[in-house]
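# dropping the sequence and predicted coords here.
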Amino acid sequence: MEKTVCELFAGVGGFRIGLEKSDSSWETVWANQWEPGQKNQYAFDCYINHFRK
């Protein structure tokens with residue numbers, strides 16, 4: 001069975017890494033991270049750097 005997930009409040013992707021290491025059939029199809037009041041979004045920049053294909 002294919003498993004898909006949308007990652008809300010993704011941070012740097014720790015939840016995604018945990019799911020994918022526990023079972024390789026998990027696929028993250030969408031993720032978001034927003035830090036209110038912050039001009040720079042460092043956590044999501046890190047996420048994109050590691051997981052963007």
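Nice, I can see it.

# find the nearest non-adjacent residue to residue 2, please.
In space, and not counting its chain neighbours, residue 2 is closest to residue 25: 6.1 Å by Cβ to Cβ, 6 or more residues apart in numbering. To be clear about C-beta, it is placed using only N, CA and C from the backbone, and glycine gets the same treatment.

# the one you found against residue 5, yeah?
No - using Cβ atoms under 8 Å as the test, residue 25 is too far from residue 5 to be in contact (10.9 Å).

# so which of the two has more stuff around it?
Per other Cβ atoms under 10 Å, whichever of residue 25 and residue 5 has more neighbours is residue 5, with 15 against 11.

# ok but the more buried one is inside a strand, no?
Yes - the assignment for residue 5 (DSSP: H, G, I helix; E, B strand; the rest coil) places it in a strand.

# would you mind giving me the confidence score for residue 1?
Model confidence at residue 1, given as pLDDT, is 67.

# revised request: answer the last question for residue 38.
Residue 38 is assigned 87 on the pLDDT scale.
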